[in-house]
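>>> return a 3D structure for these sequence lines:
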Amino acid sequence: MESSSSSSPDPGERAFEYVGFWKRFLAFLIDSMIVLVVLVPLLLLMHGTHDWARLGSYMQQAIEQSAAGGNPDLAAGVARLGFAGPVDFLVQVVLPIVALLAFWRFRSATPGKMAIGAKIVDAKTGRAPSNWRLLVRFLGYFVSMIPFGLGFIWIALNRRKRGWHDMLADTLVVYDDD
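Numbering: from 1, shown residues only. Below you'll find the predicted structure:
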């Protein structure tokens with residue numbers, strides 16, 4: 001891994017203004033709100049209010065059972081209520097992943113990153129990353145989550161403000177000066 005020391009940059013390294021942890025966290029919050037605004041209405045259309053009331057009742061029962069020392073099978077219960085089918089998987093998993101990769105590919109940023117004036121670049125060239133780098137960066141999110149989100153916290157410690165996913169994909173998040 002890269003050191004977080006403030007040594008001088010490599011001679012071939014472009015001078016970028018790196019986006020730090022808190023700004024990137026703000027971009028993440030903006031993106032999360034957008035995802036909720038899109039997904040919640042879709043899920044309400046798919047399941048209607050009756051299904052949501054049944055899910056709420058089931059979750060309450062599971063919490064009570066857990067508090068009493070039981071071990072409720074949440075996954076089975078949610079699936080039984082119809083919230084874990086193929087269409088749910090497409091809407092809740094595939095759609096957000098496709099949207100994320102499309103924004104990265106065509107805008108070099110998610111809406112949250114655009115809102116803070118940031119973009120993702122190839123660390124070597126300073127240009128838009130290749131599709132391969134973007135896929136590695138996405139898969140690197142899972143590495144960054146384990147353990148305890150340390151790969152994301154690393155952004156605050158690294159001199160180039162890179163998370164583990166950035167290092168794996170050899171990308172940077174920089175302020176967009178275009």
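
>>> P72 - how many residues pack around it?
Here the number of neighbours of P72 (other C-beta atoms under 10 Å) works out to 15. In short, each C-beta sits where N, CA and C put it, glycine included.

>>> what's the following helix or strand after the host helix or strand of M59?
Following DSSP states H and E, one finds M59 within helix 21-67. Downstream of helix 21-67, the next assigned helix or strand under DSSP H and E is helix 74-80.

>>> what comes up buried for that following helix?
Buried residues in helix 74-80, counted by 16 or more other C-beta atoms under 10 Å: 77-78.

>>> which strands and helices sit next to the helix holding M59?
helix 74-80, helix 86-89, helix 95-107, helix 111-115, strand 118-122, helix 150-157 (3 or more C-beta pairs under 8 Å, 6 or more residues apart in numbering; DSSP states H and E).

>>> touching, V91 and L42? I think so.
Yes - shown here, V91 and L42 form a contact pair, counting by C-beta atoms under 8 Å, at 5.5 Å.

>>> distance of the nearest residue to S108 once chain neighbours are set aside relative to N71?
In space, and not counting its chain neighbours, S108 is closest to K119: 4.2 Å by C-beta to C-beta, 6 or more residues apart in numbering. Distance of K119 to N71, computed by C-beta to C-beta, to the nearest Å: 46 Å.
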